[in-house]
Structures are given as structure tokens and as C-alpha cells.
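>>> Have a look at this fold, sequence not included:
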């Protein structure tokens, strides 16, 4: 059974940094894509970044490119999202998701098959 568990969400001030973690278990293939998405109240879900396990290829949305960094620690079965220079517009629930069939390219977010329950990030002064 595939399980994805997010952690690290918090309430912070503009300009602060946070690192989100996604613990991954139950995936049975060496190849998959793990991604981070978010959904703010009243807005559509937005794909932020993903990473593939075969070649560590990454993809970022324009809204977070240069501020957010995705990485993974195979030994800990964990994928991270380092978020710097946070803005009030980053307030949302952040989800990690996984797929065996996705590729780290535009449109990856539509191919996610497994989801975590989310972690809340709030940015305000």
C-alpha cells in the first residue's frame, strides 16, 4: 500500500523559509515521479515541482522557480521541498503525490496517482 505523509507546514512571516518533507512508502518500482502541489482556499490545485527517481530530473512551475527547490533522500525515503522567500500568496495546503507513469515535464501533475493528506502553510505578517 502506497503511503505519502507530508510534514513541515507552519505559520511564518513573509520572507521566511520552510522545508516540507514527504515520507514515501509502499512504492514497488524503481522508477516513479514524486511531486509537490498546493491548493489555496477558493483556488485550483497547482503543481509546483516534481522529481523523477531514475535521473533526478526536476521540473518547476514558473510561480516557484528560483524560490523552491525539490530534492530527495533515498536512504530516508523522503522528498523535500525547500521554500525560500515565502510570500502571502504561498499560503495553501501543500500535498505530495506520486506516480509510476508520469514524467518530470509539463503536465506531470495530471498523472499523479497517489496522494498524501497535505500540510498547511500560512504566510502572513
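Great, that's in hand. Every value quoted in this text rests on a predicted model; they were computed, and no experiment measured them.

>>> in the protein, which segments are predicted with low confidence?
Across the chain, nothing is flagged by pLDDT under 70.

>>> Nearest the middle, which residue of it would you pick?
residue 36 (1.9 Å; CA atoms, centre = their mean).

>>> now that residue, which residues is it bridged with?
residue 49, residue 96 (DSSP bridges).

>>> what about the nearest residue to residue 23 once chain neighbours are set aside, helix or strand, and which?
Once flanking residues are discounted, residue 23 sits nearest to residue 5: 4.4 Å by CB to CB, 6 or more residues apart in numbering. C-beta coordinates here come from the backbone N, C-alpha and C atoms, glycine included. Using DSSP states H and E, residue 5 sits in strand 3-7.

>>> Identify all contacting residues around that strand.
20-26, 94-98, 114-119 (CB atoms under 8 Å, 6 or more residues apart in numbering).

>>> Now the buried members of these.
Buried residues within the contacts of strand 3-7, counting neighbours by 16 or more other CB atoms under 10 Å: 20-22, 24, 94-98, 114, 116, 118-119.

>>> Could you export the residues you listed as TSV, including distance to residue 49 and secondary structure?
Below are the buried ones among the contacts of strand 3-7 laid out as TSV (distance: CB to CB, whole Å; DSSP: H, G, I helix; E, B strand; the rest coil):
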residue	distance to residue 49	secondary structure
20	11	strand
21	14	strand
22	11	strand
24	15	strand
94	11	strand
95	12	strand
96	10	strand
97	11	strand
98	13	strand
114	17	strand
116	15	coil
118	16	coil
119	15	strand
